[in-house]
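> Following is a predicted model, sequence given first.
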Amino acid sequence: MSLRRAIVQQLRIHLPALGGRVFQAYLAPVNVPTPYATVKLATERQAANIGFAGAQTIEIYLYRGLDSFVGLDALRQDVVRALNGVVITDAESGLRFALRWTGSVGDVVDPERKLIGAVVSFDAATIYDIRR
């Protein structure tokens, strides 16, 4: 989806600390160096009064080694600065998306990969072309 692609592109450009390591959800390579992020499209909701519009929840998962949550907190703030209140454009399709920060989940641990993490959520307005 072009929304996911646009977010990956935005984070790769505006979060140099990630070194371009931004992936689609569940698709990060097993031995990818940390820190890195993944982008998941979560709940999609229809607008109450408009049948062709709604909102798409996006979750940004941030991961780093089992060293310090302080560095993770800084990354979380950088993600909010890079995405909150901005309009991003998918370079391939030209579609534009307005994003709004909706919150962050507390600290998480991935015991399998031995990583600590955080989740930052955003909403993007969605409009479906009903002429097709």
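Cool, got the structure. Residues are numbered from 1 along each chain as shown.
> What helices and strands are in contact with the helix or strand harbouring residue 54?
Assigned by DSSP states H and E, residue 54 belongs to strand 53-65. Judged by 3 or more C-beta pairs under 8 Å, 6 or more residues apart in numbering; DSSP states H and E, the packing partners of strand 53-65 are helix 2-14, strand 36-46, helix 69-83, strand 96-110, strand 115-127. The C-beta positions use only the backbone N, C-alpha and C, and glycine is treated the same way.
> Mind doing that once more with 6 Å?
Strand 53-65 is packed against strand 36-46, helix 69-83, strand 115-127, with contacts defined by 3 or more C-beta pairs under 6 Å, 6 or more residues apart in numbering; DSSP states H and E.
> quick one, which of the ones you listed is packed in tightest?
Each of these was scored by mean neighbour count; the highest is strand 115-127, a mean of 19, by mean count of other C-beta atoms under 10 Å.
> Residues in contact with it: which ones?
Strand 115-127 is touched from outside by 3, 53-63, 66, 72, 76, 79, 83, 97-105, 108-109, with contacts defined as C-beta atoms under 6 Å, 6 or more residues apart in numbering.
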